[in-house]
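Colleague: Kindly generate the corresponding structure for this input.
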Amino acid sequence: MFEKIGINTDVMIICMFGLIFVLLLLVFVLLSKVTRLSSIYVKYMKGSNGKSLEETFQEKFKEIDKVIEEQTDIRSRLSMIEAVKEAGFCKFAVKKYDAFEGVGGKLSFSVCMLTDSNDGIILSAMHGTEGCYTYLKEVIKGKTFTKLSEQETEALSEALVYNDPVAEFIKE
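Modeller: Numbers count the residues shown, from 1 in each chain. Prediction:
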């Protein structure tokens, strides 16, 4: 029959044997993979049935739901902490000095307290023999609209470059 259409039967038989050999190789490869997967499946399912496997999956899904709830809670708490941090003072500087001649001990001081956006206050207390005088000056965006003493200027400059350790920790 093959000879009528011009195909040599010997060549055809050799090709068929080659194809059978390739197919047998594929069968052995597939059998080894199925055997390996079967052993993994048996090992995993050992002592289990479909019901216990379903229960295991339900437990894991409950754990995942719990983790998601905790993550949501942590994110909301972090948002509140960041909002409080933005509104609170996080940059500080203190300068102590003698405001008046004859009064020792550096009892006068200037304290600068700023937020992240460099808004805040400078509180100065000048201690002398006649009493203590306190002054409060507003800082907006790192600038004041009232004249500052030398010590207040130094406190403001130091506070502007202050590195808040808590802020550095949160950024990491």
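
Colleague: where do the strands sit along this structure?
Modeller: Under the criterion DSSP state E, the chain contains strands at 91-97, 108-114, 120-127, 132-139.

Colleague: what angle sits between the second one and strand 120-127?
Modeller: This points to strand 108-114. Angle, strand 108-114 to strand 120-127, by axes from the mean of the first three to the mean of the last three Cα atoms, to 10 degrees: 170 degrees.

Colleague: Please apply the same query to the last one.
Modeller: Here strand 132-139 points in a direction 160 degrees away from that of strand 120-127 (the same axes, to 10 degrees).

Colleague: rewinding a little: and the strands of the chain, which is most packed in?
Modeller: For these, average neighbour numbers computed from mean count of other Cβ atoms under 10 Å are highest in strand 108-114, which has a mean of 22. Bear in mind the C-beta positions are built from the backbone N, C-alpha and C, glycine included.

Colleague: got the angle between it and strand 91-97?
Modeller: 170 degrees.

Colleague: what lines up beside strand 108-114 in the sheet?
Modeller: Neighbouring strands of strand 108-114 in its sheet, by DSSP bridges, are strand 91-97 (antiparallel), strand 120-127 (antiparallel).

Colleague: of those strands, which approaches residue 154 most closely?
Modeller: The closest of the strands paired with strand 108-114 to residue 154 is strand 91-97. By Cβ to Cβ, the value is 5.2 Å.

Colleague: from the chain's centre, how far out does that closest one sit?
Modeller: The chain centre lies 33 Å from the centre of strand 91-97; the measure is Cα atoms, centre = their mean, to the nearest Å.

Colleague: Send me that strand as CSV with only the CA atoms.
Modeller: In CSV, the C-alpha atoms belonging to strand 91-97 read as follows (Å, rounded to 0.1, in the frame of the first residue of the first chain):
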residue,chain,number,x,y,z
LYS,A,91,12.5,69.8,67.4
PHE,A,92,14.1,71.3,70.5
ALA,A,93,16.9,73.5,71.5
VAL,A,94,17.8,75.1,74.9
LYS,A,95,20.3,78.0,75.5
LYS,A,96,21.3,78.9,79.0
TYR,A,97,23.0,82.2,79.8
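
Colleague: All set now, cheers.
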